[in-house]
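Trainee: The sequence and its predicted three-dimensional model are supplied below.
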Amino acid sequence: MCCDLMNVERDIKKLEKGGVDWFHLDVMDAHLVPNLTFGPDFINALRKISATPFDIHLMLEDPEFIIGCLNLSENDYVTLHAELPEDIFRKNMALIKEKKARVGIALNPETPIEAIEKYVNDIDLILLMLVRPGFAGGKMIEGIMDKVPQTRAYLAQKGREDVLVSTDGNITLERAKLMAQMGADIFVGGTSAVFRKGMDIAETVPAFYQYIAE
């Protein structure tokens, strides 16, 4: 979403050289969130030029068609929103598992952690939205980082310490380092960390990793 859409392959190669673990792909339908991005043809085209695992965030009212068209692997994650009706969530979760990919559940800032309870034994990843989803560069919700240790404690209570905790939205280097200490595993790097004005992404990714590790 943040890369140069006229030079996607160039940016992918730079990001891979910088050492990114995954590519986070925001798919929006202009219904569940107020924006429209790309579809399965674009994602499948990316697969042809990169073997890096995909972290596909589906901000869609009903992702069934999109999931059915995706070329997925066992290293990919596909994330659905907890705010979806349960029947739609379960139907699409089953489709993801049929394709041998891993299942994530995304929580909007106002959605409590307890919303995942009915799915807690079926998921591999929790994506905590730290901003209201839809557009790059959104402002982080005040106090939202506290949701990271709360999520870790909830997962421990449910015996699911193996579930990855991902964070997304206005993540600066300083915030990523703090949330790593709180128990977050994954940081979606957008305009505040990776695609920074006046800096080449070949430089920002190594700097991001180095700062978190210090």
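Mentor: Thanks, I have the structure now.
Trainee: tell me the SS of G104?
Mentor: strand (DSSP: H, G, I helix; E, B strand; the rest coil).
Trainee: Equivalent analysis for L128, please.
Mentor: Reduced to three states by three-state DSSP, L128 is strand.
Trainee: For the lowest-mean-pLDDT helix or strand in the chain, buried residues please.
Mentor: Every helix and strand in the chain was compared by mean pLDDT, DSSP states H and E; the lowest is helix 201-213, with a mean of 86. For helix 201-213, the neighbour count (16 or more other CB atoms under 10 Å) marks 201, 204-205, 208-209, 212 as buried. Where C-beta positions appear, they are placed from N, C-alpha and C, glycine not excepted.
Trainee: What residues are bridge-paired with V27?
Mentor: In this entry, V27 is beta-bridged to L58, by DSSP bridges.
Trainee: Can you report how many residues neighbour it?
Mentor: Using other CB atoms under 10 Å, V27 has 23 other residues around it.
Trainee: thought it was touching F38?
Mentor: Yes - counting by CB atoms under 8 Å, V27 touches F38, with 6.7 Å between them.
Trainee: Figure out how far the host helix or strand of L46 is from the centre of its chain.
Mentor: For L46, the host element (DSSP states H and E) is helix 40-49. Offset of helix 40-49 from its chain centre (CA atoms, centre = their mean, to the nearest Å): 17 Å.
Trainee: Mind giving me the packing neighbours of that helix?
Mentor: Contact here means 3 or more CB pairs under 8 Å, 6 or more residues apart in numbering; DSSP states H and E; on that basis helix 40-49 packs against helix 8-18, strand 23-28, strand 54-59, helix 64-69.
Trainee: Highest mean neighbour count out of the ones you listed?
Mentor: Mean neighbour count (mean count of other CB atoms under 10 Å) peaks for strand 54-59 among the helices and strands packed on helix 40-49, with a mean of 25.
Trainee: name the helices or strands packed onto the least confident helix or strand of the chain?
Mentor: Using 3+ CB pairs under 8 Å, 6+ apart, helix 201-213 is in contact with helix 8-18, helix 173-182.
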